[in-house]
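**Q** Predicted model, plus sequence, below.
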Amino acid sequence: MMNIAQYLDSTYLKTPHQSGLSEEETLQKVKDLAQEAIDHEIFAVMIRPDFVSEIKKFFNEKKSHVVLGTVIGFHEGTYSVEEKLSEAEKAIHDGADELDFVINYEAYLKGDLDLIKDEFLKCTELCIHHQKVAKWIIEIAAMTDQQIADITQYISTWAEENFNEKDLKNIFIKSSTGFFETENGKPNGATYEGIKIMLDNAGKLPVKAAGGVRTHGDAEKMITMGVKRIGTSSALALINDESSSEAY
């Protein structure tokens, strides 16, 4: 059985309001996630920006090398470029190693390529300048197959035209937030079909599958297909080959 722990971004992104927990209870859940990552050698944790500073301190105290990631413009993606830059700058200051930006996919669907190119270039440049990883969530559940292919190609082209080749490994294209509301039971996260389209069009950029990876077998297949990272709120279940009931 494949060791998948080093491919996983163990994720907790619910706000206290969404989970019905207090701030203190939410922080404890995030700390438990961080400790689980340490104990099981999971590559990264992915949490809300509000908790980055606290968890960075937690990892430092534990002398842990688990990567600390956060989300920017989450989950709608419609934040302005300035808002995303401000949020990203604070996250970097607080100690985030990786930043997962939600691209303004609504603007893309309306044909505003100038806006999404501007935010991609400015936010990615910020990350590269600070030697951080930038991942761009395109929200494939909101798109047709052709739109998935096109936006993946655009991001790949912009990256290759504007950044050094050595930096391309740190610019990911990511499938989903896990929060997009679909109709008629349609998957809202990564599917094999969607990920294949992304991989076929990502050029030199790595791909992250997020949402919908619910079994160890799912994870192995995604990795075999070529994804470099998997976002999941059930990392331990995947590692232990237990089925996950979580949506993300």
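**A** Yep, it's here. Since this is a predicted model, take the numbers as computed values, not measurements.
**Q** switch to C-alpha atoms for all contacts and neighbour counts from now on
**A** Noted.
**Q** now the helix or strand hosting residue 195: how far from the chain's centre is it?
**A** Assigned by DSSP states H and E, residue 195 falls within helix 192-201. Remark: helix 192-201 is offset 16 Å from the chain centroid, using C-alpha atoms, centre = their mean, to the nearest Å.
**Q** list the contacts for the nearest residue to residue 105 once chain neighbours are set aside?
**A** Leaving out its chain neighbours, the residue that sits closest to residue 105 by C-alpha to C-alpha, 6 or more residues apart in numbering is residue 138, at 6.3 Å. Listed by C-alpha atoms under 8 Å, 6 or more residues apart in numbering, the contact partners of residue 138 are 102, 103, 105, 148, 151, 173, 174, 175, 176.
**Q** same deal with residue 65?
**A** residue 59.
**Q** Report the secondary structure state of residue 123.
**A** With DSSP: H, G, I helix; E, B strand; the rest coil as the basis, residue 123 sits in helix.
**Q** Give me the pLDDT value at the closest residue to it other than its chain neighbours.
**A** Excluding the flanking residues, the one nearest residue 123 by C-alpha to C-alpha, 6+ apart is residue 85, at 6.0 Å. pLDDT for residue 85: 98.
**Q** where's the residue nearest in space to the middle of the chain, which helix or strand?
**A** The residue lying closest to the centre of the chain (C-alpha atoms, centre = their mean) is residue 100, at 4.6 Å. If you go by DSSP H and E, residue 100 is part of strand 98-102.
**Q** In stretch 20-31, which residues are buried?
**A** Residues 26, 27, 30, 31 are the ones in stretch 20-31 that count as buried (16 or more other C-alpha atoms under 10 Å).
**Q** Quick one: mean pLDDT over it.
**A** Averaged over stretch 20-31, pLDDT sits at 95.
**Q** Could you name the helices and strands sitting against the worst-scoring helix or strand of the chain on mean pLDDT?
**A** Within the chain, no helix or strand scores below helix 16-19, which has a mean of 90 by mean pLDDT, DSSP states H and E. Here helix 16-19 touches no other helix or strand, going by 3 or more C-alpha pairs under 8 Å, 6 or more residues apart in numbering; DSSP states H and E.
**Q** to the chain's geometric centre, what's the distance from that helix?
**A** The chain centroid and the centroid of helix 16-19 are separated by 20 Å under C-alpha atoms, centre = their mean.
**Q** Distance check, residue 115 against residue 123.
**A** Note on residue 115: its distance to residue 123, by C-alpha to C-alpha, to the nearest Å, is 12 Å.
**Q** Compare these two (neighbour count), which wins?
**A** Comparing residue 115 with residue 123 by other C-alpha atoms under 10 Å, the one with more neighbours is residue 123, at 23 against 15.
**Q** and residue 208, which of the three is it?
**A** The local conformation at residue 208, judged by three-state DSSP, is strand.
**Q** Show the contacting residues for it.
**A** Shown in contact with residue 208 (C-alpha under 8 Å, 6+ apart): 172, 173, 174, 175, 227, 228, 229, 230, 231.
**Q** Against residue 214, how distant is it?
**A** Look at residue 208 and residue 214: by C-alpha to C-alpha, they are 15 Å apart.
**Q** Residue 77 too?
**A** Per C-alpha to C-alpha, residue 77 is found 25 Å from residue 214.
**Q** And residue 48, by the same measure?
**A** Residue 48 is 22 Å from residue 214, by C-alpha to C-alpha.
**Q** which of these two has more neighbours?
**A** Using other C-alpha under 10 Å, the more surrounded residue of residue 48 and residue 214 is residue 214, with 22 against 18.
**Q** The more buried one against residue 238, yeah?
**A** Yes: with contact defined as C-alpha atoms under 8 Å, residue 214 reaches residue 238; the gap is 6.9 Å.
**Q** quick check, nearest of the contacts of residue 138 to residue 11?
**A** Lowest distance from residue 11 to the contacts of residue 138 (C-alpha to C-alpha) belongs to residue 176, with 12.6 Å.
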